[in-house]
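Structure for this input, please:
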Amino acid sequence: MTIASCIWIGVEYLATDVAVAALRQHRRSRQVFCGRLAVADDLRRAVNEQPSAPRADGLEPEWHDADAGTIIGGGLLSDLLRQRRPVEEVMLVLPPWDAPHHCGAIEALASPLAGSLEVPLEVPLEVPLEVTLDHARGFIERVAIGAAAAKAVMSAPASRGMTILSQPTTAGTALGAGLQALTETWVRIERPRWQQQSLQLNVMQPEAWLSERAETTP
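I've put the predicted structure just below:
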């Protein structure tokens, strides 16, 4: 029997406990984890060490270095999805809504060393324009490339569809709020096209997805 694949995109943003719990919901599927593996060592080790992780009949977890936030990474990802057909489900893990420099600035101001900074705690540090643009561009490309690659290789009834997993924290900047609204609006408008092919398209937080899958998995 052909083994269906569950493709995880953006594993560098996937929480370890969510990845481990998700394995239990896909016992009969091949787990294919894609992303910037250089920053996902702890996640990879935790998943591979799970005694309940599938390890026989070609079901060992796979790991591929492919960044969906870049054109080159998106091309590698598209080829990988075609090679791993049939695809049961695609999980696209989003980065935080806000640019990374903003998050680091807030953490720095809240640290014990912040007292040495001549900056009021309520005033965030300026986010460089190049960081803002890079974050926005990579974020949008991640959603667009991931969805296009997923839709091209999926078909009902073998495929469930794609779920976009957002980070549990809310946006703290205008850029982050805009990206959140863009993602949610895109999913709402694009969903009917997927439904025409009997495929699902959703944006959810990880815990909500795990709860839903636990209720529907026999």
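
Quick check: bridge partners of the residue most central in space within the chain?
Nearest to the geometric centre of the chain sits residue 93, at 0.8 Å (CA atoms, centre = their mean). Bridge pairing for residue 93 (DSSP bridges) gives the partners residue 165.

check contacts around it.
Counting by CB atoms under 8 Å, 6 or more residues apart in numbering, residue 93 makes contact with 8, 9, 10, 11, 13, 14, 35, 165. (Each C-beta comes from the backbone N, C-alpha and C, glycine too.)

Now intersect those with the strands, please.
Residues of the contacts of residue 93 located in strands (DSSP state E): 8, 9, 35, 165.

Help me confirm that residue 203 is found in a helix?
No - with DSSP: H, G, I helix; E, B strand; the rest coil as the criterion, residue 203 is strand rather than part of a helix.

That one: neighbouring residues, count only.
Other residues lying near residue 203 total 20 when counted by other CB atoms under 10 Å.

could you pull out the strands for this protein?
For the chain, strands defined by DSSP E occupy the ranges 5-9, 30-35, 62-65, 87-93, 161-165, 200-204.

For the chain, which residues score under the pLDDT cut-off?
Scanning the chain with the threshold set as pLDDT under 70 gives 1, 25-27, 51-58, 101-126, 215-218.

tell me what the longest helix along it is packed against?
Determined from DSSP state H, the single longest helix within the chain is helix 129-153. With contacts defined as 3 or more CB pairs under 8 Å, 6 or more residues apart in numbering; DSSP states H and E, helix 129-153 has these neighbours: strand 5-9, helix 71-83, strand 87-93, helix 100-110, strand 161-165, helix 174-195.

so what does the longest one touch, helix or strand wise?
Yep, that's helix 174-195 we're talking about. Using 3+ CB pairs under 8 Å, 6+ apart, helix 174-195 sits against helix 129-153, strand 161-165, strand 200-204.
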